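[1] model this:
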Amino acid sequence: MWRRLITALILLTGLAGGCAEPVGPQALIRANIMAMETALADHSPLDFLEHLSESFTGGRAGQENMDREAASRMLGLYFLRYRNIDILLSQVNVEIDPREPALAYSSANVALAGGERLIPNSAGLYRVSGQWQNFDGDWKLVRLEWE
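    Numbering: from 1, shown residues only. Here you go, the predicted model:
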């Protein structure tokens, strides 16, 4: 609940400050990343998957063998295994490709923990890199790589 409240406050602050100017692509992608973070914490696979392109690929660095359907199965298994999921993003960076404005790249450090009770059963730190594409004004994640 606190995560939702904080996310809403951040989005409202950003929207209130940006009323005079259109929201840029970096802000839209950051909002998608925050929505994906919330979807993971809330065990909401459909809310997470709505940010993936139909041609999505992902996986560990050098092993990008996961498509959208495999990502959906992985989320389902993770949600079944862990009742509580905590996720913390830091050093989120979003850059628009200077030669192709319909492409963008993101990177972040991610701390992910899951467990049945208050104390996590499993935790990991990851460096995550993504490629985003603009589909008629809607930024979708087309590639995700982690190490």
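[2] pLDDT weak spots in this structure?
    Within the chain, the set of residues satisfying pLDDT under 70 comprises 1-22, 117-118.
[3] Helices along that one, start to end?
    2-17, 25-41, 45-49, 68-81 (DSSP state H).
[4] And the second one, what's buried?
    By neighbour count with 16 or more other CB atoms under 10 Å, helix 25-41 contains the buried residues 25, 27-40. C-betas here are computed from N, CA, C, even on glycine.
[5] Stretch 57-70 now?
    Those would be 57, 58, 59, 66, for stretch 57-70 by 16+ other CB under 10 Å.
[6] Which strand residues bridge the third one?
    Each beta-bridge partner of residue 59 is listed here: residue 145, as defined by DSSP bridges.
[7] Make residue 1 into 627 and carry on from there
    Sure, I'll start counting at 627 from here, so that last one is residue 685.
[8] For it, give me its contacts.
    Going by CB atoms under 8 Å, 6 or more residues apart in numbering, residue 685 touches 691, 692, 770, 771, 772.
[9] What spatial separation is found between it and residue 706?
    Residue 685 is 21 Å from residue 706, where distance means CB to CB, to the nearest Å.
[10] same question, the second one
    Residue 684 sits 20 Å away from residue 706 when distances are taken as CB to CB.
[11] Pretty sure residue 652 is one of the things residue 760 touches, is it not?
    No: Residue 760 is not in contact with residue 652 according to CB atoms under 8 Å; the separation is 11.9 Å.
[12] Quickly list what's touching both of those two.
    Listed contacts common to residue 760 and residue 652 are residue 730; contacts here mean CB under 8 Å, 6+ apart.
[13] I'd guessed residue 740 sits against residue 713; true?
    No: applying CB under 8 Å as the test, residue 740 and residue 713 come out as separate, 9.3 Å apart.
[14] which of the two has more neighbours?
    The residue with more neighbours, out of residue 740 and residue 713, is residue 740; 19 against 16, by other CB atoms under 10 Å.
[15] check contacts around that one.
    When contacts are counted by CB under 8 Å, 6+ apart, residue 740 touches 704, 707, 708, 710, 711, 712, 746, 747, 748, 749.
[16] go with 10 Å
    666, 704-705, 707-713, 746-750 (CB atoms under 10 Å, 6 or more residues apart in numbering).
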